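In: I need the structure of the sequence given here:
(one chain, ligands or ions: 2)
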Amino acid sequence: MKAVHFGAGNIGRGFVGLILHKAGYEVVFADVNAELIDALASTPSYVVTEVGDGGTEWTVDNYRALNSATHEDDVVAEIASADIVTTAVGPNVLRFVAPLIAKAIEQRSADLAPLVVMACENAINATDLLRIEVEKTLPGAGAVFANTAVDRIVPGQDPDAGLNVTVESFFEWAIESTPFGDSTPVIPDAHFVEDLAPYIERKLFTVNTGHATAAYHGFAAGVASMSDAFSTPAIADEVRAVLAETKALLVAKHGFDPEVQQAYIDKNMVRFANPQLSDTVDRVGRQPLRKLSRNERFVGPAAELAERGIPSDALVRTMGVALKFDVPEDPQSVELQQLLATATPEEFVAQVTGLDESHPLYAAVVSVVRAHTS
Ligand SMILES: NC(=O)c1ccc[n+]([C@@H]2O[C@H](COP(=O)([O-])OP(=O)(O)OC[C@H]3O[C@@H](n4cnc5c(N)ncnc54)[C@H](O)[C@@H]3O)[C@@H](O)[C@H]2O)c1
Ligand SMILES: O=P(O)(O)OC[C@@H](O)[C@@H](O)[C@H](O)[C@H](O)CO
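Out: Ligands and ions are numbered 1, 2, ... in the order given. A predicted model of the protein is given here:
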């Protein structure tokens, strides 16, 4: 069995690559980072170290690595004969890998089972976004496209770690089952669910909303590490406040038992504060324009709460604090600061959040942007 995985970064090596390896797949990593690909291609194995309860060490081998910028045809040929193709490149990069997947589907022998395509990104229905991009060059692409929700905190790695990755011991990979019919792939560490929407929304609007809230309040308070941010009582209070709001939405929308959702929040508060994970507010707050966009972890739940007449004050307050995120190495942070300096609050809200003035959340968001810029 063979899987081609785009994005040999943190989650690629420390989560998707590991789980597919454990499931018995030969993994072909494809990435545009030449140094990383050269290192993988010349190293027969790397180690994933899990920290936290029940953590262990895994050695990943039986992989190959290809540079998808310089060896596009080779990558296409690998996908054409693979069982599965996965991505962990970031939602904004899916459009760049899609043409390779489209070419591979076109070249694929009719004797093979359909290719399984799964995007493993922090975005709602990321595989659907990938499918739309694939179908721009190959309308009606004949493959199995399955959405997934991936959860494991994999921080930026120590530069001396080489290919080895330190991750938290917790992980969850939920995959929608319906696209597979009766030929679901065997991936023992994943679980297949009929309706992914509650899983992905619970994950994104709890784990990622809470995480980003700590990152932005932490950045504003001059705190660099995520564990320090979570051990600052005022920041932990802000996280609890936003998660109380997203809980109200998840309970109302998906019918989650409030006590079960509260237990999920409490478990995540412990995960977030794991002192053995050296995670930074710069990583967790990265790409603030993506994080402040319409269907993402703040505007998404806040908009739905406003539509239901339920308060979202802590979410909106955090959006205001996110505007302070000023990290010169992060191109979206630079763009955010330029926009704040040049656009009116109304223009900023329309462009960044996609809310229009008739939306019940619009006035509150314009108001925090105005307070920030005046
Ligand atoms: N790190 C985590 O804790 C975590 C957890 C769950 C989900 N995710 C999601 O996984 C995705 C990747 O995150 P990450 O933390 O691993 O980031 P990362 O920066 O460590 O890895 C991304 C990799 O993608 C590669 N890449 C960029 N453009 C590419 C292209 N056109 N073709 C092939 N490869 C390309 C980069 O070179 C890099 O190696 C994101 O969507 C993120 O939200 C991350
Ligand atoms: O990857 P992002 O930029 O969408 O979000 C940053 C972190 O919140 C994220 O990577 C988490 O560590 C991860 O989603 C945990 O499962």
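
In: now do A146 against ligand 2, distance only.
Out: Going from A146 to ligand 2 by Cβ to the nearest ligand atom, to the nearest Å gives 18 Å. (Glycine included, C-beta is placed from N, CA and C.)

In: list the contacts for the residue lying closest to that residue once chain neighbours are set aside?
Out: Spatial nearest neighbour of A146, chain neighbours left out: P179 (4.6 Å); criterion: Cβ to Cβ, 6 or more residues apart in numbering. By Cβ atoms under 8 Å, 6 or more residues apart in numbering, P179 lies in contact with 144-146.

In: dump those to CSV, plus pLDDT and neighbour count.
Out: Formatted as CSV, the contacts of P179 follow (pLDDT from 0 to 100; neighbours: other Cβ atoms under 10 Å):
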residue, pLDDT, neighbour count
V144, 97, 18
F145, 98, 22
A146, 98, 23
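
In: the residue nearest to V193 when sequence neighbours are not counted: which element?
Out: Spatial nearest neighbour of V193, excluding adjacent residues (Cβ to Cβ, 6+ apart): A174 at 5.4 Å. A174 is part of strand 172-176 when elements are defined by DSSP states H and E.

In: if we can go back for a sec, just the contacts of P179 now: which is nearest L129?
Out: Nearest to L129 out of the contacts of P179 is F145 (Cβ to Cβ; 10.2 Å).

In: what is the mean pLDDT for the helix or strand harbouring V368?
Out: Using DSSP H and E, V368 falls within helix 362-373. Helix 362-373 shows a mean pLDDT of 97.

In: all strands of the chain, in order?
Out: 2-6, 26-31, 46-51, 57-60, 63-67, 84-87, 116-119, 144-145, 148-151, 165-168, 172-176, 191-193 (DSSP state E).

In: what residues does the stretch 51-200 of the chain put near ligand 2?
Out: Taking Cβ under 6 Å from any ligand atom as the criterion, the stretch 51-200 of the chain approaches ligand 2 at residues 122, 151-153.

In: generate JSON lines for those, with pLDDT as supplementary columns.
Out: Formatted as JSON lines, those follow (pLDDT from 0 to 100):
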{"residue": "N122", "pLDDT": "96"}
{"residue": "D151", "pLDDT": "97"}
{"residue": "R152", "pLDDT": "98"}
{"residue": "I153", "pLDDT": "97"}
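
In: can you list those residues in TSV and add neighbour count?
Out: Converted to TSV, those look like this (neighbours: other Cβ atoms under 10 Å):
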residue	neighbour count
N122	22
D151	23
R152	21
I153	24
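
In: and this structure, which residues reach ligand 1?
Out: Within the chain, the positions near ligand 1 by Cβ under 6 Å from any ligand atom are 6-12, 30-33, 36, 68, 88-91, 93, 96-97, 121-122, 150, 152-154.

In: could you dump the helix holding V368 to CSV, C-alpha only?
Out: What follows is helix 362-373, C-alpha atoms only, in CSV (Å, rounded to 0.1, in the frame of the first residue of the first chain):
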residue,chain,number,x,y,z
TYR,A,362,-21.1,43.4,11.8
ALA,A,363,-21.5,46.5,14.1
ALA,A,364,-19.7,44.8,17.1
VAL,A,365,-16.7,43.9,14.9
VAL,A,366,-16.5,47.3,13.3
SER,A,367,-16.6,48.8,16.8
VAL,A,368,-13.5,46.7,18.0
VAL,A,369,-11.6,47.6,14.8
ARG,A,370,-12.4,51.3,15.3
ALA,A,371,-11.4,51.1,19.0
HIS,A,372,-8.1,49.5,17.9
THR,A,373,-7.3,52.1,15.2
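
In: what does it contact?
Out: The contact list for helix 362-373 (Cβ under 8 Å, 6+ apart) reads 299, 302, 306, 312-313, 316-317, 319-320, 323-324, 340, 345-346, 348-349, 353, 355-356.

In: C-alpha coordinates for the strand holding A174, PDB please?
Out: Extracted in PDB, the C-alpha atoms of strand 172-176 (Å, rounded to 0.1, in the frame of the first residue of the first chain):
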ATOM      1  CA  GLU A 172      -7.500  12.300  16.900                       C
ATOM      2  CA  TRP A 173      -8.200  11.700  13.200                       C
ATOM      3  CA  ALA A 174     -11.800  11.600  12.200                       C
ATOM      4  CA  ILE A 175     -12.600  10.800   8.600                       C
ATOM      5  CA  GLU A 176     -16.100  11.000   6.900                       C
END
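
In: mind giving me the packing neighbours of that strand?
Out: strand 148-151, strand 191-193 (3 or more Cβ pairs under 8 Å, 6 or more residues apart in numbering; DSSP states H and E).

In: strand partners of it, parallel vs antiparallel please.
Out: Applying DSSP bridges, strand 172-176 is found paired with strand 148-151 (antiparallel), strand 191-193 (parallel).

In: how about that strand: buried residues?
Out: 173-176 (16 or more other Cβ atoms under 10 Å).

In: contacting residues for the spatially most central residue of the chain?
Out: When Cα atoms, centre = their mean is applied to the chain, the residue found nearest the centroid is N122 (2.1 Å). Applying Cβ under 8 Å, 6+ apart to N122 gives the contacts 91, 150, 204, 208.

In: next: E296.
Out: Neighbours of E296 in contact, by Cβ under 8 Å, 6+ apart: 123, 204, 290.

In: one more: T49?
Out: Residues near T49 by Cβ under 8 Å, 6+ apart: 55, 57, 164-167.
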